[in-house]
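**Student:** Predicted model and sequence follow; I will ask about them next.
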Amino acid sequence: MGKKAKPSVDKIVKKVNKEFEKTSSQIESLINDALKQFDNLQNQVQEPVRKLLKEVDELRDREMKRFNDEFERRMSEFQELQNNVLERLGIAGKDAKKELKAASDAASAKLAETKPKVKAAAKTAAAKSPAKTGTKTAKKAPARKTPAKPAAKAAKPANKSDLTRVKGIGPATATKMQEAGITSIDQIANPSAADKEKLQAFAKMKGFATLSDEAKKAL
């Protein structure tokens, strides 16, 4: 019975292999068909895209050409306008030069006419004036002597150590300034670098910004 079963198994294996090959060929055929359909679909998609890109390029070229034409037209109009303005300015400049030259010539002519008249008037005045020789000079009257005024009393020198003479500085503030080393109005009017540092302690007082000017007035 074992010998009889063996051929039947071989037949089954052969049949299975045959069916497997048949199925594999069908699957391969289906895959090939799917690939063909995918290629067709890809071509169908790419064709409109290519067409659209081509139309975009053509539109861009047309717009660029139109823009260049418009730009060149505007530039030519501008150059023409510029040439007209320069031409008018050149004419105006020539006219102004002519007028200036004419005015200069007229002034020179008038000056030439007046020179002989001036010389003649000078000669007439010289002839009418008396000769210097033989003339007597009038005696000068003796000047009256005015009594000398008494010399004014010398003004007392201002007390520069009195800081209260500066507008805005009271007795209390003056005392604080003296304690800080500011003992003269000169140090407020024309402070040195060290004096400026000392005065910064009073920066919050009212009128500090004009304190130097007021000190100069008090000198």
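**Tutor:** Yep, it's here.
**Student:** how far does the lengthiest helix in the chain sit from the chain's center?
**Tutor:** Ranked by number of residues, the top helix in the chain under DSSP state H is helix 2-128. Averaging C-alpha positions (C-alpha atoms, centre = their mean, to the nearest Å) puts helix 2-128 32 Å from its chain's average.
**Student:** Downstream of that helix, the next helix or strand is which one?
**Tutor:** Using DSSP states H and E, the next helix or strand after helix 2-128 towards the C-terminus is helix 171-180.
**Student:** Quick check: next helix or strand after that next one?
**Tutor:** Per DSSP H and E, helix 171-180 leads on to helix 185-189 as the next helix or strand towards the C-terminus.
**Student:** Walk me through the domains of the protein.
**Tutor:** As given by automatic domain parsing, the domain ranges for the chain are 1-125, 163-218.
**Student:** worst average pLDDT in those?
**Tutor:** Lowest mean pLDDT within the domains of the chain: domain 1-125, at a mean of 79.
**Student:** gap between Ile185 and Met64?
**Tutor:** Between Ile185 and Met64 the distance is 81 Å, computed by C-beta to C-beta, to the nearest Å. Quick note: C-beta positions are derived from backbone N, CA and C, even for glycine.
**Student:** higher neighbour count, those two?
**Tutor:** Taking neighbours as other C-beta atoms under 10 Å, Ile185 and Met64 compare with Ile185 leading, 24 against 10.
**Student:** List phi and psi for the residue nearest to the more buried one when sequence neighbours are not counted.
**Tutor:** Sequence neighbours aside, Lys160 is the residue nearest to Ile185 in space, at 4.6 Å (criterion: C-beta to C-beta, 6 or more residues apart in numbering). Main-chain torsions, Lys160, degrees, to the nearest 10: phi -70, psi -10.
**Student:** what's around Lys160, how many residues?
**Tutor:** Using other C-beta under 10 Å, Lys160 is surrounded by 17 other residues.
**Student:** go on, Asp186?
**Tutor:** Other residues close to Asp186 by other C-beta under 10 Å number 16.
**Student:** if we can go back for a sec, just name the most buried of the domains of the chain.
**Tutor:** domain 163-218 (a mean of 15; mean count of other C-beta atoms under 10 Å).
**Student:** to the chain's geometric centre, what's the distance from it?
**Tutor:** Computed by C-alpha atoms, centre = their mean, the chain-centroid distance of domain 163-218 equals 42 Å.
**Student:** Compute the first-to-last residue distance for that domain.
**Tutor:** 9 Å (C-alpha to C-alpha, to the nearest Å).
**Student:** Stretch 191-202 too?
**Tutor:** 14 Å.
**Student:** Can you tell me what sits against that stretch?
**Tutor:** 173, 176-177, 180-182, 187-188, 208, 211-212 (C-beta atoms under 8 Å, 6 or more residues apart in numbering).
**Student:** and which of these is nearest Glu77?
**Tutor:** Distance to Glu77 across those (C-beta to C-beta) is lowest for Ser212, with 65.0 Å.
**Student:** State the distance from the closest one to Thr164.
**Tutor:** The gap separating Ser212 from Thr164 is 16 Å, by C-beta to C-beta.
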